[in-house]
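Structure of the sequence below:
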Amino acid sequence: MNRLILASSSKARQQMLHNAGVDCEAVASMIDEDGYKQAMKAEGASAMEAAETLAEMKALRMYRQRPEAIVIAADQMLECNGVWFDKPMDRDQTRAQLRALRGKRHQLVSAAVVYKEGSRIWGKIDTAHLTMRNFTDEWLEWYLDQAGEDIFHCVGGYQLEGLGAQLFTEVKGDYFTVLGMPLLPLIGFLRDHGILKA
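Here you go, the predicted model:
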């Protein structure tokens, strides 16, 4: 059977698949995400188009390295009022992002694709809508103290599965999509194609 590879360095995606009993090897697929995002934004692409394109590019890059494998790749975009947000790099960027999102509704778009022998054999895009509460600056500093550096590696600077749940008043959409991947449709595809036991 072909080896299953997750073309990602995302700990959240790795954990999701592991918890769901999907045995795969995680290998980072190195592409210039920032450069591609800037180019797509300049061309007028939507957040949905960007997420799908980046997932495709990660899958293709990994296929070239491991042509014998079945490759899963995913990407996530956060969009609020036409502005795209990326993973913050430090506390200051996280603070700035959360202030920008405070009291507003934003969307998280998660895309996943599966490649085999150089061709896309499956893909799914899903969107979740989240409303962030109007928290105080004092509370924000407490949150940053408590949440730690792990949130610096999450789009938007929060982890809904942890303390980040306190940031929101409403979440509409699939939980796994918020975490970074449309997991249930992916599992269904893997099961239907004999990669997981039926």
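
Neighbours of the closest residue to residue 86 other than its chain neighbours, how many?
Distance criterion C-beta to C-beta, 6 or more residues apart in numbering; nearest residue to residue 86, sequence neighbours excluded, is residue 155 at 6.7 Å. The C-beta positions use only the backbone N, C-alpha and C, and glycine is treated the same way. Using other C-beta atoms under 10 Å, residue 155 has 19 other residues around it.

Please name the residues that touch residue 155.
76-78, 85-87, 108, 180 (C-beta atoms under 8 Å, 6 or more residues apart in numbering).

And stretch 107-117, how far out from the chain middle?
From the chain centre to the centre of stretch 107-117 is a distance of 9 Å (C-alpha atoms, centre = their mean, to the nearest Å).

any idea of the mean pLDDT in it?
On average, the pLDDT along stretch 107-117 is 96.

Over to stretch 155-165?
The average of the pLDDT scores along stretch 155-165 is 90.

May I have that stretch as CSV, with CA atoms only?
Only the C-alpha atoms of stretch 155-165 are listed here, as CSV (Å, rounded to 0.1, in the frame of the first residue of the first chain):
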residue,chain,number,x,y,z
VAL,A,155,-3.7,31.7,12.2
GLY,A,156,-5.4,34.5,14.1
GLY,A,157,-3.4,33.9,17.3
TYR,A,158,-5.9,31.6,19.0
GLN,A,159,-6.6,28.0,19.7
LEU,A,160,-10.3,27.2,19.9
GLU,A,161,-9.5,23.9,21.5
GLY,A,162,-8.0,25.6,24.5
LEU,A,163,-8.1,29.0,26.2
GLY,A,164,-8.9,30.6,22.8
ALA,A,165,-12.5,29.5,23.3
